[in-house]
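1. Kindly generate the corresponding structure for this input.
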Amino acid sequence: MAAEGLNLPDGYIIAVQDNEFAGAEALSSLLALSPRPTAVCCISDENAIPLVHALRSYGFRVPEDISVIGFDDWPMAQALNISTVRHDPRSYGALAADAAIRLSRGEILTESCIVVPTTLMLRGTTGPAPRD
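-> You can find the predicted model right below:
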């Protein structure tokens, strides 16, 4: 984000465990932020799904009050209409194997960053930021 000139204020990155409870556990930290975020990007669908449920149980309308997006495109995210990022984890292994083979041949790897294809799956948990 910083490379694109987007600055995130301190406290707006909340470290959580990557498990089914983390999204809901992060809710109290999110609600304490001022100004309150208009969107949350979760490290995984496993975090996003319970966060959406927790927000709704507190009376928030998703996405009208706050947008939520996950990562992985789990079948459950599809079933629950959760916005997410689809990617192919197998491609990471193929890229790593290719790099290992090239290194074993004595090649010098010049890539410092490899961009892998992803697809933004906009569903029912993302929308325009609230105007207030």
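
2. Going by C-alpha atoms from here, please, whenever you check contacts or count neighbours.
-> Will do.

3. what's the span of stretch 112-124 from first residue to last?
-> 36 Å (CA to CA, to the nearest Å).

4. Show me the contact partners of it.
-> The contact list for stretch 112-124 (CA atoms under 8 Å, 6 or more residues apart in numbering) reads 62-63, 73, 81-88, 91-92.

5. In strands, which of those fall?
-> In this view, these that belong to strands under DSSP state E are 84-87.

6. What helices and strands are in contact with the lowest-mean-pLDDT helix or strand in the chain?
-> Lowest by mean pLDDT, DSSP states H and E among the helices and strands of the chain is helix 22-32, with a mean of 83. Contacts defined by 3 or more CA pairs under 8 Å, 6 or more residues apart in numbering; DSSP states H and E place helix 22-32 against helix 45-57.

7. quick one: buried residues of whatever helix or strand comes next after the helix it packs on?
-> Next helix or strand after helix 45-57 toward the C-terminus (DSSP states H and E): strand 67-69. Of the residues in strand 67-69, those buried by neighbour count under the rule 16 or more other CA atoms under 10 Å are 67-69.

8. which residues touch the residue most central in space within the chain?
-> Centroid-nearest residue in the chain: residue 42, 3.6 Å away (criterion: CA atoms, centre = their mean). If a contact means CA under 8 Å, 6+ apart, then residue 42 has 23, 48, 68-71 as its contacts.

9. mind giving me TSV with the contacts of stretch 112-124 and columns for neighbour count and pLDDT?
-> Converted to TSV, those look like this (neighbours: other CA atoms under 10 Å; pLDDT from 0 to 100):
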residue	neighbour count	pLDDT
62	19	97
63	20	98
73	21	96
81	16	97
82	28	98
83	26	98
84	28	98
85	18	98
86	16	97
87	16	95
88	13	91
91	12	89
92	13	88
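
10. May I see those organised as JSON lines, with distance to residue 6 added?
-> As requested, those are arranged in JSON lines below (distance: CA to CA, whole Å):
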{"residue": "62", "distance to residue 6": "24"}
{"residue": "63", "distance to residue 6": "22"}
{"residue": "73", "distance to residue 6": "25"}
{"residue": "81", "distance to residue 6": "28"}
{"residue": "82", "distance to residue 6": "25"}
{"residue": "83", "distance to residue 6": "22"}
{"residue": "84", "distance to residue 6": "21"}
{"residue": "85", "distance to residue 6": "20"}
{"residue": "86", "distance to residue 6": "23"}
{"residue": "87", "distance to residue 6": "24"}
{"residue": "88", "distance to residue 6": "27"}
{"residue": "91", "distance to residue 6": "28"}
{"residue": "92", "distance to residue 6": "27"}
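
11. Many thanks, I have nothing further to ask.
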